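> model the structure of this input:
(one chain, ligands or ions: 1)
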Amino acid sequence: MSNQLQIQIDKASETMDGGFSDYYQNMVNYFHQNPDHNLSYSAFSNRTNRATNALVSEKEAIFYIVAYGWQHHQSMQYLLSQTIDVTSEPQENIRVVDYGCGQGVATLAFMDYLSQKGVAQQSSLEVHLIEPSKVSLDIAKLLIERLAKAYGMQVSIHCQERTLDNALIPLNSECKETFHLLSNVIDIETVQETLPSLAKQIMSCTGKNFLFATCPRYANAQTGFRILRQEMDFADNFYDECWDMTYQMYRVTQACWNQHTSTQRMAMMSWISS
Ligand SMILES: C[S@@+](CC[C@H](N)C(=O)[O-])C[C@H]1O[C@@H](n2cnc3c(N)ncnc32)[C@H](O)[C@@H]1O
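This is a model prediction of the structure:
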């Protein structure tokens with residue numbers, strides 16, 4: 001079965017000419033047409049502690065993308081569109097660090113955003129993926145490579161299969177701009193515990209830095225945002241808002257496409273380090 005699911009993921013990743021949305025739709029079609037192969041919401045939720053634990057199989061990875069992928073992608077894109085203008089001074093080399101990247105949805109949203117703005121081919125991306133799940137990390141690498149190929153982008157990918165407390169944060173390179181992505185991880189207690197040391201390290205990341213954090217406005221996430229703001233007091237700019245977002249997405253519990261509305265908290269911080 002795992003092999004069959006790997007083939008499905010591989011096939012779907014070849015269809016990304018129009019971006020992550022193509023992959024998402026392909027996986028939804030597969031999920032909808034193969035109910036016997038899928039996990040139930042309760043089985044997935046109980047095993048993964050509502051998608052916060054590292055995923056252990058392709059079956060879990062497919063469930064995750066179908067249930068949450070579009071929401072996470074759209075939230076990150078919305079935050080980018082509200083806070084930065086990527087067309088003003090496109091850099092030759094850009095570094096992206098995706099913390100707890102899962103299957104790379106935040107990085108894919110960033111790449112889609114560059115493409116939508118017509119600047120995808122103007123920069124070369126140095127992508128750092130940090131994630132404890134091997135299954136998720138392998139899929140993230142595959143999807144980012146395939147999307148880069150579809151958009152004609154130059155991308156180098158550096159994977160760290162580990163939790164954030166053991167991560168090596170890339171601080172120096174040719175890149176004059178770094179985008180730090182924290183998509184739906186700030187509510188996780190072990191991530192929150194590493195925020196103080198993470199903030200100290202990224203403070204001295206050379207060049208211009210932008211940090212983007214999104215999460216539904218749960219109580220746990222509010223704690224994470226509070227710690228983040230407190231530890232990132234060196235940032236020059238803060239944007240921190242809650243938005244009622246409506247997503248047209250597949251609902252795993254209803255087995256159909258539907259509108260889903262959720263309040264998302266979104267933060268962007270920027271700073272320069274010499
Ligand atoms: C809700 S998922 C978010 C994944 C991805 N960022 C997204 O937006 O789709 C939470 C992710 O955090 C990872 N994770 C859990 N604890 C972690 C830790 N201590 N350090 C790094 N990643 C962690 C999990 O393996 C999982 O991939």
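> find the residue closest to the residue of the stretch 101-250 of the chain found nearest the ligand in space, skipping its chain neighbours.
Residue of the stretch 101-250 of the chain nearest the ligand, by CB to the nearest ligand atom: residue 102 (2.7 Å). All C-beta atoms are positioned from the backbone trio N, CA, C, and that covers glycine. Spatial nearest neighbour of residue 102, excluding adjacent residues (CB to CB, 6 or more residues apart in numbering): residue 136 at 4.9 Å.
> could I get the average pLDDT for whichever strand or helix holds the one you found?
Residue 136 is part of helix 134-151 when elements are defined by DSSP states H and E. Helix 134-151 shows a mean pLDDT of 98.
> what separates that helix from the chain centre, distance-wise?
Chain-centre distance of helix 134-151: 12 Å, with CA atoms, centre = their mean, to the nearest Å.
> stretch 196-211 now?
Distance of stretch 196-211 from its chain centroid, counting by CA atoms, centre = their mean, is 18 Å.
> and it, how far apart are its ends?
End-to-end distance for stretch 196-211: 15 Å, by CA to CA, to the nearest Å.
> can you list contacts of it?
By CB atoms under 8 Å, 6 or more residues apart in numbering, the residues outside stretch 196-211 that reach it are 83-84, 97, 99, 164-165, 169-173, 175-180, 182, 227-228, 231-232, 234-235, 267-274.
> narrow those residues to just the buried residues.
Buried by 16 or more other CB atoms under 10 Å: 83-84, 97, 99, 164, 169-170, 175, 177-180, 182, 227-228, 231-232, 235, 267-271, out of those.
> among the residues you listed, which lie within strands?
Here DSSP state E is the test, and the buried ones among the contacts of stretch 196-211 give 97, 99, 177, 178, 179, 180, 182, 267, 268, 269, 270, 271 as lying in strands.
> picking that back up, next, the angle from the following helix or strand past the helix holding residue 136 to helix 134-151.
Going down the chain from helix 134-151, the next helix or strand is strand 154-160, by DSSP H and E. Angle of strand 154-160 versus helix 134-151, following axes from the mean of the first three to the mean of the last three CA atoms, to 10 degrees, is 170 degrees.
> pLDDT averaged over strand 154-160 - what is it?
Averaging the model's pLDDT scores along strand 154-160 yields 97.
> now do that strand: distance to the chain's middle.
Relative to the mean C-alpha coordinate of its chain, strand 154-160 is positioned 14 Å out (CA atoms, centre = their mean).
> same deal with stretch 242-261?
On CA atoms, centre = their mean, the centre of stretch 242-261 falls 18 Å from that of its chain.
> what about that stretch and the ligand, any contact?
No. Applying CB under 6 Å from any ligand atom, one finds stretch 242-261 out of contact with the ligand, separated by at least 13.4 Å.
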